[in-house]
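Visitor: Model the following, please.
(one chain, ligands or ions: 1)
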Amino acid sequence: MRETFPLFPQEASTLAPRVDALYFYLIAVTIFFSLLIALSILYFAIKYRRRSESELPHGVEGSLKLEIAWSVIPLLITFSFFIWGASIFFAMNRPPSDAIEISVVAKQWMWKFQHADGQREINELHVPLGQAVKLTMASEDVIHSFYVPAFRMKRDVLPGKVATYWFEATRPGRYHLFCAEYCGTKHSGMIGWVEVMDPVDFQSWLAGGTGSESLASAGAKLFAQHACNTCHRPDSLARGPNLEGLFGKKVQLQDGRTIVADESYIRESIVMPNAKTVAGFQPIMPTFQGLISEEGLLQLVAYVKSLSKAAPSPEGVAPPLSKSRGQTPQGSAPASVQEPPRSEAKK
Ligand code: CUA
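Guide: Got it, this is the predicted structure:
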């Protein structure tokens with residue numbers, strides 16, 4: 001019915017039906033209580049109306065049972081909102097571990113995408129059907145918001161931070177992408193499309209790319225170019241923490257805190273190295289704020305991530321990506337998009 005009477009955008013992600021179900025539940029509860037209250041007012045106004053000028057009302061005793069009932073029942077109902085909402089919130093914020101990763105840079109006024117193996121796109125994002133996709137997003141200037149109504153996903157992209165989000169498309173097609181945060185004169189033009197493709201088509205689309213280098217190996221180049229490897233090294237000359245196997249692990253900081261080395265932490269450690277110094281190291285690293293673009297930062301983050309997935313080659317450069325992925329007949333496992341570095345390294 002909703003196809004012919006489109007009050008709502010199509011549901012095109014695994015989360016969309018869950019978000020809608022909660023939304024309809026909230027509407028149903030709201031309608032039920034609005035009617036209950038409005039009709040009760042009418043009914044009582046008529047039933048207990050004043051029938052003569054001299055009529056005096058009876059005193060009314062309190063009723064403990066009634067008071068408990070109208071406190072406990074709404075409490076349980078609001079708890080149902082909370083528990084249901086929280087379960088969706090957690091699902092939205094926990095990308096599956098097999099998600100393919102795409103980096104997103106927002107700037108006035110466009111969306112720039114880069115796939116793990118280097119394909120770049122602007123205002124257009126190709127993704128495979130039925131495969132979880134994790135977005136790592138950063139902004140070059142002001143606050144933007146990545147909004148795809150058909151996926152029921154919206155996430156603010158703030159300057160100076162890395163935002164992550166994920167979705168899994170459930171229906172092929174082209175879906176609107178909007179910027180949902182006013183970001184300047186051409187905010188309304190900061191729109192685009194997400195194209196959900198059959199996994200096999202997606203593979204051939206990827207393979208037909210310009211062959212630009214992968215995020216991680218671009219990051220490895222930056223890493224060498226800025227001489228990061230003179231301090232971040234596995235041997236005894238290291239003046240900075242070893243980055244191999246770091247990503248996703250807990251890190252002990254100098255001030256006693258422990259944090260998880262995620263995308264935001266790595267980005268922060270490049271632009272504000274002394275914000276969270278790792279225990280056992282001196283705060284000697286210079287800031288790279290302004291020296292490396294947001295895109296470069298995401299590439300470095302991808303490189304550090306890749307150090308936890310595969311053994312790096314001796315020069316500290318990420319292993320080359322397999323170009324033969326188009327030939328692997330794995331329609332059911334488009335995760336192979338992300339896998340080549342690992343399988344290469346094992347050979
Ligand atoms: Cu970017 Cu509005």
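
Visitor: Can you pull the residues of this protein lying near the ligand?
Guide: 109, 144, 179, 181-183, 187, 190 (Cβ under 6 Å from any ligand atom). Just so you know, the C-beta spots here come from the backbone N, C-alpha and C atoms, and that holds for glycine as well.

Visitor: Show me which of those residues are buried.
Guide: 109, 144, 179, 181, 183, 187, 190 (16 or more other Cβ atoms under 10 Å).

Visitor: and which of the residues you listed is nearest to Ser264?
Guide: Distance to Ser264, by Cβ to Cβ, is smallest for His144 among these, at 16.8 Å.

Visitor: Provide the backbone phi and psi angles at that closest one.
Guide: Note on His144: its backbone torsions stand at phi -120, psi 170 [degrees, to the nearest 10].

Visitor: what's the spacing between the nearest residue to it once chain neighbours are set aside and Ala224?
Guide: Spatial nearest neighbour of His144, excluding adjacent residues (Cβ to Cβ, 6 or more residues apart in numbering): Ala106 at 3.9 Å. Computed as Cβ to Cβ, to the nearest Å, the Ala106 to Ala224 distance reads 28 Å.

Visitor: who has more neighbours, these two?
Guide: Ala106 (28 against 14; other Cβ atoms under 10 Å).

Visitor: Going by secondary structure, that one is in what exactly?
Guide: Using DSSP states H and E, Ala106 sits in strand 100-107.

Visitor: picking that back up, redo the buried ones among the residues of the chain next to the ligand as JSON lines? Include secondary structure and pLDDT.
Guide: Formatted as JSON lines, these follow (DSSP: H, G, I helix; E, B strand; the rest coil; pLDDT from 0 to 100):
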{"residue": "Trp109", "secondary structure": "coil", "pLDDT": "88"}
{"residue": "His144", "secondary structure": "strand", "pLDDT": "94"}
{"residue": "Cys179", "secondary structure": "strand", "pLDDT": "94"}
{"residue": "Glu181", "secondary structure": "coil", "pLDDT": "92"}
{"residue": "Cys183", "secondary structure": "coil", "pLDDT": "92"}
{"residue": "His187", "secondary structure": "helix", "pLDDT": "93"}
{"residue": "Met190", "secondary structure": "coil", "pLDDT": "93"}
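
Visitor: Beta-bridge partners for the residue in the stretch 1-150 of the chain positioned nearest to the ligand, please?
Guide: Here the residue of the stretch 1-150 of the chain nearest the ligand is His144; by Cβ to the nearest ligand atom that distance is 3.5 Å. Using DSSP bridges, the bridge partners assigned to His144 are Val157.

Visitor: so it touches Arg155, yeah?
Guide: No: here His144 does not reach Arg155: they are 9.7 Å apart, not a contact under Cβ atoms under 8 Å.

Visitor: Specify the local secondary structure of the most far-flung residue of the chain relative to its centre.
Guide: The C-alpha centroid of the chain is most remote from Ser54, which lies 67.8 Å away (Cα atoms, centre = their mean). Secondary structure, DSSP: H, G, I helix; E, B strand; the rest coil: Ser54 is coil.

Visitor: quick one, phi/psi of it?
Guide: Dihedral pair for Ser54: phi -90, psi 0, per degrees, to the nearest 10.

Visitor: From Tyr303, how far off is it?
Guide: From Ser54 to Tyr303 the distance is 89 Å (Cβ to Cβ).

Visitor: need the helices for the stretch 51-200 of the chain, in chain order.
Guide: Ranges of helices in the stretch 51-200 of the chain, per DSSP state H, counting those that start in this stretch, are 64-93, 199-207.

Visitor: Confidence-wise, which of those helices is weakest overall?
Guide: For these, the weakest mean pLDDT is recorded on helix 199-207, namely a mean of 84.

Visitor: Thanks a lot, see you next time.
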